[in-house]
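[1] Take this sequence and fold it.
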Amino acid sequence: MASSPSALSLTETSSLLALSLACFAIITNTFHGDGAPLVASLAFSGIAFAGSYSMIRWLGPAFMKAGLKGKDLSKVHKKEIPETMGAVCAVVYLLVITIFIPFPFYKDIVAATSGGGNRDVVMETIEHVQTGRFLHRFPHSKLASYLSAILTIQSISILGIGDDLFDIRWRHKFFIPGIASIPLLIVYFVDFGVTHIVVPIPLRPYLGDLLQLGFLYYVYMFAIAIFCPNSINILAGINGIEVSQSLVIAFLLVVNDCYYLLAPYPHPATDSHLFSLYMLLPFIGVSLALLVHNWYPSKVFVGDTYCYFAGMVFAVVGILGHFSKTLLLLFIPQIFNFVYSAPQLFRLVPCPRHRMPRFNARTALMESSVTEWQHPPKKPIAMLLKLLHRLHLLRVTENEEGTIIESSNFTMLNLWLVWFGPKREDRLAIEILVMQVLVGLAGLFIRHNFALLLFESDNVGV
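    Residues are numbered from 1 along each chain as shown. As a prediction, the model looks like this:
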């Protein structure tokens, strides 16, 4: 039976304190060497985990007193637990990533102040200037990328908290992530501004080597900023699924980043993938802390804030890291879920307030939830529903006259239960995550093995 968070035990306190002290010790010794910022980012991720884990425990009762609580409907004993705990993780993440900003720019700051810091760095810069091999300029565009990323994630977190507090309707909140992405798009326009795409070899006789999209490229990035947060929010309804799917995507992105950083030659995209790692590692830290409390049986609910926050982190690294199309390969399950959910999202089919799988108290298993048709569907819709039923993409129930009276809800979780039958809640989550991992790995395999065949280069900004 799920229980709400309580005070930290002595063992937990000791472990978290030891982790924090070890990470602080690492951070104080990471101002030297080319790999120092990455090591510092790993250490900050440990602090982010410890901070989120502790604050979730400490603030859980306070959130419940403030009315931020809900019942876990998929349990025999429907006990109230804290909601909106994803906001805690978002705040910790923003604090950590803000404090981290000086680390990637340490050498640039020292060189710019010429003598106000590490003498070795200053002498190295002077030597490069004297030999004509290097003229130092502070990377303002890179700093602008960090600041715009933080501003965008901060904006979406505030808007997500507003959604959790006021329960904004889906049709009203759909464009919220797009509004939050405006700082991101402005910085992209000012500092990068590339709006062309590389055309695959078979299409070059017709379209040329590069296709200029202009304004449409910003519409595409705006759409990504809207899709990523909403897609995670839609694939929800069982304990741990929002956080765990986000962690799978984050770890796969880290694998993709390491592919470039560990290449046997300096890759042109190195800086972009370092930026991606700097943004993802603390996110993994706060998400792991939340998953400990949100996994079955859940002690907290993450709220819409976490879904917005997580999705926007991915949109930020995909857009500013210049690999948005690679990002979409890792979102294939979410893309399928969105397309599959579209009939209900756009009210072509009746859409209940909650579409989560139904908990059968007698068997303690999750079953596919259904929508009851108050009025018979129109003939074209009825024919389509029956076709989906025959293709095992839906389950419909008809009365004696052959009229549809109920149909399973259009979500991937319900479809999975239609395919494979009732399951325990944690088993369902694990199977969905295994599928997400396999599809993501297949996407990365396709990306890195077929890019050379289609584009004659592995560095095509995808």
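
[2] And residue 375, its phi and psi?
    Phi and psi for residue 375, reported as degrees, to the nearest 10, are phi -130, psi 140.

[3] With residue 405 as the reference, measure out to it.
    In this view, residue 375 and residue 405 are 10 Å apart by Cβ to Cβ, to the nearest Å. (Glycine included, C-beta is placed from N, CA and C.)

[4] Compare neighbour counts for these two and give me the winner.
    residue 405 (15 against 7; other Cβ atoms under 10 Å).

[5] The more buried one: what's it in contact with?
    If you count contacts by Cβ atoms under 8 Å, 6 or more residues apart in numbering, residue 405 has them with 372-373, 397-399.

[6] any idea of the pLDDT on it?
    On pLDDT, residue 405 comes in at 92.

[7] Okay, and it sits in which element?
    Per DSSP states H and E: residue 405 is located in strand 404-408.

[8] State the mean pLDDT of stretch 226-245.
    Stretch 226-245 comes out at a mean pLDDT of 95.

[9] ditto for stretch 55-73
    Stretch 55-73 carries an average pLDDT of 93.

[10] and if you look at stretch 356-366?
    Here the average pLDDT along stretch 356-366 is 94.

[11] now swap in stretch 332-343 and tell me
    For stretch 332-343, the per-residue pLDDT averages 95.

[12] So for that stretch, what gets flagged as buried?
    Neighbour counts over stretch 332-343 (16 or more other Cβ atoms under 10 Å) mark 333-334, 337-338, 340-341, 343 as buried.

[13] how far is that stretch from where the chain is centred?
    Relative to its chain's centre, stretch 332-343 lies at 16 Å (Cα atoms, centre = their mean, to the nearest Å).

[14] for stretch 309-320, same thing?
    Distance of stretch 309-320 from its chain centroid, counting by Cα atoms, centre = their mean, is 7 Å.

[15] how about the CA coordinates for it, as PDB?
    The C-alpha coordinates for stretch 309-320 follow below in PDB (Å, rounded to 0.1, in the frame of the first residue of the first chain):
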ATOM      1  CA  PHE A 309       9.700  20.400 -17.500                       C
ATOM      2  CA  ALA A 310      11.000  17.100 -18.800                       C
ATOM      3  CA  GLY A 311       9.800  17.600 -22.300                       C
ATOM      4  CA  MET A 312      11.200  21.100 -22.500                       C
ATOM      5  CA  VAL A 313      14.600  19.900 -21.400                       C
ATOM      6  CA  PHE A 314      14.600  17.600 -24.300                       C
ATOM      7  CA  ALA A 315      13.400  20.300 -26.700                       C
ATOM      8  CA  VAL A 316      16.100  22.600 -25.500                       C
ATOM      9  CA  VAL A 317      18.900  20.100 -26.000                       C
ATOM     10  CA  GLY A 318      17.500  19.000 -29.400                       C
ATOM     11  CA  ILE A 319      17.100  22.600 -30.800                       C
ATOM     12  CA  LEU A 320      20.200  24.200 -29.300                       C
END
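
[16] okay, how far is it across stretch 312-330, tip to tip?
    End-to-end distance for stretch 312-330, by Cα to Cα, to the nearest Å: 15 Å.

[17] and what of stretch 180-189?
    End-to-end distance of stretch 180-189: 16 Å, with Cα to Cα as the criterion.

[18] can you list contacts of it?
    For stretch 180-189, using Cβ under 8 Å, 6+ apart, the contacting residues are 144-145, 147-149, 151-152, 155-156, 159, 218, 221-222, 225-226, 308, 312, 315-316, 319-320.

[19] I'd like to know which of those are buried.
    144-145, 148-149, 151-152, 155-156, 159, 221-222, 225-226, 308, 312, 315-316, 319-320.

[20] so how far is stretch 87-107 from its chain's centroid?
    17 Å.

[21] Name the residues of that stretch that are buried.
    The neighbour-count check on stretch 87-107 (16+ other Cβ under 10 Å) flags 87-94, 96-97, 100, 103-107 as buried.

[22] So which of those belong to helices?
    Here DSSP state H is the test, and those give 87-94, 96-97, 100, 106-107 as lying in helices.

[23] wait, which of these is closest to residue 191?
    Of all these, residue 191 sits closest to residue 97, with 19.1 Å by Cβ to Cβ.

[24] if you skip the residues just before and after it, what's nearest to that closest one?
    Nearest non-adjacent residue to residue 97, counting by Cβ to Cβ, 6 or more residues apart in numbering: residue 282, 5.6 Å away.

[25] again, but for residue 36
    Once flanking residues are discounted, residue 36 sits nearest to residue 30: 4.2 Å by Cβ to Cβ, 6+ apart.

[26] contacting residues for that neighbour?
    Per Cβ under 8 Å, 6+ apart, neighbours of residue 30: 36-37, 39-40, 43, 103.

[27] shaky segments in the chain?
    For the chain, the stretches flagged by pLDDT under 70 are 1-6, 31-35, 111-136, 452, 455-462.

[28] Show the residue spans covered by the helices in the stretch 251-400 of the chain.
    Along the stretch 251-400 of the chain, the stretches classed as helices by DSSP state H, counting those that start in this stretch are 270-294, 303-320, 324-330, 332-345, 379-390.

[29] For residue 409, which of these is the nearest?
    Ranking those by proximity to residue 409 (Cβ to Cβ) places helix 332-345 first, at 6.8 Å.

[30] May I have that closest one as CSV, with CA atoms only?
    Extracted in CSV, the C-alpha atoms of helix 332-345 (Å, rounded to 0.1, in the frame of the first residue of the first chain):
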residue,chain,number,x,y,z
ILE,A,332,8.8,7.3,-31.7
PRO,A,333,6.6,5.7,-29.0
GLN,A,334,5.3,9.1,-27.9
ILE,A,335,4.7,10.0,-31.6
PHE,A,336,2.7,6.8,-32.0
ASN,A,337,0.8,7.5,-28.8
PHE,A,338,-0.1,11.0,-29.9
VAL,A,339,-1.3,9.9,-33.4
TYR,A,340,-3.2,7.0,-31.8
SER,A,341,-4.8,9.4,-29.2
ALA,A,342,-5.7,12.0,-31.8
PRO,A,343,-9.3,10.8,-32.4
GLN,A,344,-10.1,11.4,-28.7
LEU,A,345,-7.9,14.5,-28.3
